[in-house]
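S.K.: Show me how the following folds:
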Amino acid sequence: MILVFDVGNSNIVLGIFKGEELVTSWRTATDRRRTADDLGMLVKNLFDSRGFSFKEIEAIVLSSVVPPLTPIIITMCRRYFGKEPLVVGPGVKTGLSIRYENPKDVGADRIVNAVAAVHLFGRPAVVVDFGTATTYCAISREGEYLGGAIAPGVAISTEALFEQAAKLPRVELARPAQVIGKNTVASMQSGIYFGFVAQVDGIVTRIKAEIGQDAVVVATGGLARLICEGAVTVDRVEPNLTLYGLKLIYERNCGEQ
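M.R.: Residues are numbered from 1 along each chain as shown. As a prediction, the model looks like this:
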């Protein structure tokens, strides 16, 4: 079995693959203060809760956009699993040609998502990832990673509205029944929800105009299902896209287990 780690600014997502099947996954808050032992005990508790053992893990692959945590997780993998993780970064085979001005500037999670989207759904493709930031990635018909767009994420935008506007309350993100809100909470929910839906449809439409109208549009991330219920440009929602991409990158570099 293969353990995959996706370390994001807000959450760490873990998954276990047995063959081609993602047999389980977890999502836990990212905490930059955690030590290797803290993380080891956290992962042990997660494993124990679903009947898995460290001894069952044959290999580990890691994608991280939080540099301070990367060496800590590597140490944890060595100490608790006795494994050297494959870390997605320069020199790792992805199967994609990176056309960014400086390829090293592309977040590892964006590359991993692109690998999975092309493998699972074809190309050209657009990947929308709802994380701390909302990222849009474009992959050409030839399998080239072209770049994309980065926008403030849903959660941080919503929190900023609450913090900066004295009379506005903190509201739950939900899909309103109608656009016209009849009270402050409903009006905020409408503006937040339909605002992000319009952002997705607007940016995706413009990307497709540049790479091809037949591009498949794949959404991932914790809020993908909710936001994409209202979006008309999204073809597929795959919350575990990054985990599948990590598994694919492992196979391309180390061979199937």
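S.K.: show me where the protein has strands.
M.R.: Shown for the chain, the strands assigned by DSSP state E span residues 2-7, 11-18, 21-29, 59-64, 86-87, 97-98, 125-130, 133-139, 144-152, 216-221, 236-237.
S.K.: Tell me which other helices or strands the fifth one touches.
M.R.: For strand 86-87, the helices and strands in contact under the criterion 3 or more Cβ pairs under 8 Å, 6 or more residues apart in numbering; DSSP states H and E are strand 59-64, helix 241-254. The C-beta positions use only the backbone N, C-alpha and C, and glycine is treated the same way.
S.K.: Run the angle between the shortest one and strand 11-18 for me.
M.R.: In other words, strand 59-64. 160 degrees (axes from the mean of the first three to the mean of the last three Cα atoms, to 10 degrees).
S.K.: one step back: any chance of the helices and strands packed on strand 86-87 in a markdown table, plus mean pLDDT?
M.R.: Below are the helices and strands packed on strand 86-87 laid out as a markdown table (pLDDT from 0 to 100):
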| stretch | mean pLDDT |
| --- | --- |
| strand 59-64 | 96 |
| helix 241-254 | 95 |
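S.K.: With distance to residue 80 and mean neighbour count as new columns, can these be given to me in JSON lines?
M.R.: What follows is those, written out as JSON lines (distance: least, Cβ to Cβ, whole Å; neighbours: other Cβ atoms under 10 Å):
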{"stretch": "strand 59-64", "distance to residue 80": "10", "mean neighbour count": "24"}
{"stretch": "helix 241-254", "distance to residue 80": "19", "mean neighbour count": "22"}
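S.K.: tell me the angle of the lowest-mean-pLDDT helix or strand in the chain relative to strand 133-139?
M.R.: In the chain, no helix or strand scores lower on mean pLDDT, DSSP states H and E than helix 154-164, which sits at a mean of 87. Here helix 154-164 runs at an angle of 150 degrees relative to strand 133-139 (the same axes, to 10 degrees).
S.K.: Please state the offset of helix 154-164 from the chain centre?
M.R.: The chain centre lies 20 Å from the centre of helix 154-164; the measure is Cα atoms, centre = their mean, to the nearest Å.
S.K.: buried sites along that helix?
M.R.: Neighbour-count burial for helix 154-164, counted by 16 or more other Cβ atoms under 10 Å, picks out 154, 155, 157, 158, 161.
S.K.: CSV for the strands of the chain, including distance to residue 193?
M.R.: Formatted as CSV, the strands of the chain follow (distance: least, Cβ to Cβ, whole Å):
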stretch, distance to residue 193
strand 2-7, 26
strand 11-18, 21
strand 21-29, 22
strand 59-64, 29
strand 86-87, 37
strand 97-98, 34
strand 125-130, 13
strand 133-139, 13
strand 144-152, 15
strand 216-221, 15
strand 236-237, 16
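S.K.: so which of the helices and strands packed on strand 86-87 gets nearest residue 146?
M.R.: Minimum separation from residue 146 across these (Cβ to Cβ) falls at helix 241-254, 17.1 Å.
S.K.: quick one: the closest one to strand 2-7, angle?
M.R.: Helix 241-254 runs at 120 degrees relative to strand 2-7, counting by the same axes, to 10 degrees.
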